[in-house]
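Undergrad: build the 3D model from these lines:
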Amino acid sequence: MSETSLAITKFSDLANPTRFLALAARIIPWMAGFTALCFIVGLSLSFTTEGDYQQGETVRIMYVHVPAAWLAMMGYTIMSLSAIGTLVWRHPLADVSAKAAAPLGAAFTLIALVTGSLWGKPMWGTWWVWDARLTSVFVLFLMYLGLIALNRAIDDPSKAARVSAVLILVGFVNIPIIKFSVEWWNTLHQSASVLRLDGPAIDPEFLRPLLVMAVAFTALFFTLHIMAMRNEIWRRRVTAQRRLAARLASREGQS
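TA: Residues are numbered from 1 along each chain as shown. You can find the predicted model right below:
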């Protein structure tokens with residue numbers, strides 16, 4: 001068997017919720033430990049570096065705001081890939097992944113909005129402006145909340161999965177708008193300063209803790225995502241057992 005076929009087989013094996021639960025039980029402790037270690041290192045670097053000559057101590061907000069903003073977009077991208085898995089490949093865990101990612105994406109988007117306001121007040125002189133970047137991120141937050149509400153409003157999991165997947169893919173158009181809004185329109189928000197073709201525009205003293213914190217937040221996201229997927233699988237199993245027990249009790253009552 002080729003390496004490609006073996007990889008496809010391993011991926012297909014994870015479609016089995018039982019196997020996924022077994023894998024999650026093994027890797028979650030390691031992921032949690034790695035996340036904690038990254039946060040210890042990242043926070044140590046964040047608080048030991050000197051303040052910026054212009055921004056002062058408020059520059060430290062960047063170490064939370066920037067990773068949160070990245071994960072806000074990454075969370076929706078994961079949901080979009082999961083939506084494709086639901087509509088195209090009917091992967092049993094694709095909808096579980098999308099549903100588990102929605103609250104996490106909403107939380108990181110809220111963190112990005114709040115820390116952005118805290119950062120913007122001393123830098124811009126205002127808590128909020130309706131420019132392209134801030135408005136599109138706020139729209140992303142509302143989209144997360146709408147998808148969470150939709151999943152809770154529809155009782156049929158399969159129907160909720162299909163409807164939610166379509167809306168997720170339609171809403172993905174907002175992600176490139178967020179990414180390129182500072183280039184397409186004149187906004188107060190600064191342009192990209194880390195992921196640039198000509199290299200980062202941030203001083204290495206600030207770049208090091210930022211990258212470590214980005215790794216820490218990313219590890220936290222995936223740890224919580226896998227845990228949420230595990231909990232969603234358990235929830236669906238308990239719900240299915242309760243419905244089966246209710247049908248059996250109804251049949252016994254009729255007989």
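
Undergrad: longest single helix anywhere in the chain?
TA: Longest helix in the chain by number of residues (criterion: DSSP state H): helix 204-254.

Undergrad: give the rounded mean pLDDT of that one.
TA: For helix 204-254, the mean pLDDT works out to 89.

Undergrad: same check on stretch 77-86?
TA: The average pLDDT within stretch 77-86 is 96.

Undergrad: repeat for stretch 109-129
TA: In this model, stretch 109-129 carries a mean pLDDT of 88.

Undergrad: got it, and stretch 59-71?
TA: The pLDDT scores in stretch 59-71 average 92.

Undergrad: please apply the same query to stretch 31-43.
TA: 97.

Undergrad: these two touch, right, residue 110 and residue 142?
TA: No: under the criterion of CB atoms under 8 Å, residue 110 makes no contact with residue 142, lying 11.1 Å away. Where you see a C-beta, it was placed from the backbone N, CA and C, and this is true even at glycine.

Undergrad: now do the contacts for residue 24.
TA: 226, 227, 229, 230 (CB atoms under 8 Å, 6 or more residues apart in numbering).

Undergrad: go again with 10 Å.
TA: By CB atoms under 10 Å, 6 or more residues apart in numbering, the contact set of residue 24 is 14, 31, 226, 227, 229, 230, 231, 233.

Undergrad: once you drop chain neighbours, what's closest to the third one?
TA: Distance criterion CB to CB, 6 or more residues apart in numbering; nearest residue to residue 226, sequence neighbours excluded, is residue 24 at 5.2 Å.

Undergrad: isn't there a helix covering that neighbour?
TA: Yes: counting by DSSP: H, G, I helix; E, B strand; the rest coil, residue 24 is part of a helix.

Undergrad: let's see the pLDDT reported for it.
TA: Looking at residue 24, its pLDDT stands at 94.

Undergrad: quick one: it and residue 209, what's the gap?
TA: Applying CB to CB, to the nearest Å, the value for residue 24 to residue 209 is 30 Å.

Undergrad: just residue 240 next, same as before
TA: Relative to residue 209, residue 240 is positioned 46 Å away (CB to CB).

Undergrad: these two: which is more packed in?
TA: residue 209 (21 against 11; other CB atoms under 10 Å).

Undergrad: I'd say that one and residue 60 touch.
TA: Yes: Residue 209 is in contact with residue 60 according to CB atoms under 10 Å; the separation is 8.7 Å.

Undergrad: list residues touching both of these two?
TA: Common neighbours of residue 209 and residue 60, using CB under 10 Å, 6+ apart, are 43, 46, 47, 49.
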